[in-house]
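> please find the sequence and the predicted model below.
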Amino acid sequence: GAGVSQTPSNKVTEKGKYVELRCDPISGHTALYWYRQSLGQGPEFLIYFQGTGAADDSGLPNDRFFAVRPEGSVSTLKIQRTERGDSAVYLCASSSGQGMEHEQYFGPGTRLTVT
Amino acid sequence: GEDVEQSLFLSVREGDSSVINCTYTDSSSTYLYWYKQEPGAGLQLLTYIFSNMDMKQDQRLTVLLNKKDKHLSLRIADTQTGDSAIYFCAVLTGGGNKLTFGTGTQLKVEL
């Protein structure tokens, strides 16, 4: 596909469980970003990858959150011991590293509900 | 850190112009953006402006930037019902890597 894809589109989990959210960036995009959007708010930055490495993880709220991008393409956001406050839409974006790297293109998001 | 503010709601009649406003705090911001979000959908990049410009026009969209007042606006000419959505202002910060978003302005277009 041409755009950023995210799976699953919806995830319901119980408090205390572990979840993984997946992001497939636009082919060839070297930069990948995760954001979190709570109800009625704008997206908030979580983490940014350039290639395989996390270049900026200053937005991760605590050590229950972790993200990887082992081959520089697909990324997985991992949340341990989920809490009800983690309920939000998790958005992934990617950008090209070739001159227009500032344009971030977003996926449809994964809606996470922690019960 | 960066703070981006927007008014929450705007209602206009079909065919009129809409103006959505945004203020920000970080004067070192390089790029400023407008995104559109429709119900149940992701964020769509509408347009952006580089900080050394004061105006950019793209079809029905006009972006105005006042760097002195740290004020950004989006004008939509001939607003249509399909323009009804939430519009987010965003500013590139953190050394050019992360976007800081406003809370969004819900635009309602009435017939």
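Looks like it came in fine.
> CA only for contacts and neighbour counts going forward, please
Noted.
> number of nearby residues for the residue of chain B found nearest chain A?
Going by Cα to the nearest Cα, chain A is nearest to residue B:42 of chain B, at 4.1 Å. By other Cα atoms under 10 Å in any protein chain shown, 20 other residues sit near residue B:42.
> now for the least confident helix or strand in chain A by mean pLDDT, which elements pack on it?
Ranked by mean pLDDT, DSSP states H and E, the weakest helix or strand in chain A is strand A:53-56, scoring a mean of 89. On a contact count with 3 or more Cα pairs under 8 Å, 6 or more residues apart in numbering or on different chains; DSSP states H and E, strand A:53-56 meets strand A:44-50.
> make it 10 Å
Secondary-structure packing of strand A:53-56 (3 or more Cα pairs under 10 Å, 6 or more residues apart in numbering or on different chains; DSSP states H and E): strand A:31-37, strand A:44-50, strand A:65-68.
> out of those, nearest to residue A:76?
strand A:65-68 (5.5 Å; Cα to Cα).
> paired strands for the helix or strand following the closest one, with orientation please.
Next helix or strand after strand A:65-68 toward the C-terminus (DSSP states H and E): strand A:75-79. Applying DSSP bridges, strand A:75-79 is found paired with strand A:19-24 (antiparallel), strand A:65-68 (antiparallel).
> what about the helix or strand containing residue A:89, near chain B?
Residue A:89 belongs to strand A:88-95 when assigned by DSSP H and E. Yes - under the criterion of Cα under 10 Å from any Cα of the partner chain, chain B is reached by strand A:88-95 at A:89, A:91-93.
> and the closest residue to residue A:40 other than its chain neighbours, which of the three is it?
Spatial nearest neighbour of residue A:40, excluding adjacent residues (Cα to Cα, 6 or more residues apart in numbering or on different chains): residue B:103 at 7.1 Å. With DSSP: H, G, I helix; E, B strand; the rest coil as the basis, residue B:103 sits in coil.
> okay, residue B:103: pLDDT?
If you check residue B:103, the pLDDT there is 94.
> touching, it and residue B:24? I think so.
No - Residue B:103 lies out of contact with residue B:24 (Cα atoms under 10 Å); the separation is 11.9 Å.
> number of residues surrounding the closest residue to residue A:52 other than its chain neighbours?
In space, and not counting its chain neighbours, residue A:52 is closest to residue A:72: 4.3 Å by Cα to Cα, 6+ apart. Residue A:72 has 18 neighbours, counted by other Cα under 10 Å.
> next one: the one 5 residues further on
A count of nearby residues for residue A:77, using other Cα under 10 Å, gives 19.
> repeat that for residue B:1.
8.
> contact residues of chain B facing chain A?
B:4, B:8, B:30-33, B:35, B:40-45, B:47-48, B:86-90, B:92, B:94, B:96-105.
> next, the contact list for the residue of chain B closest to chain A, please.
Going by Cα atoms under 10 Å, 6 or more residues apart in numbering or on different chains, residue B:42 touches A:4, A:89, A:91-92, A:105-110, B:35-36.
> show me which of those is closest to residue B:76.
Set against residue B:76, the nearest of these by Cα to Cα is residue B:36 (12.1 Å).
> so what's that closest one bridging to?
Assigned bridge partners for residue B:36, using DSSP bridges, are residue B:44, residue B:87.
> distance of it from residue A:42?
11 Å (Cα to Cα, to the nearest Å).
> between those two, what contacts are shared?
Common neighbours of residue B:36 and residue A:42 (Cα under 10 Å, 6+ apart) are B:86-89, B:104-105.
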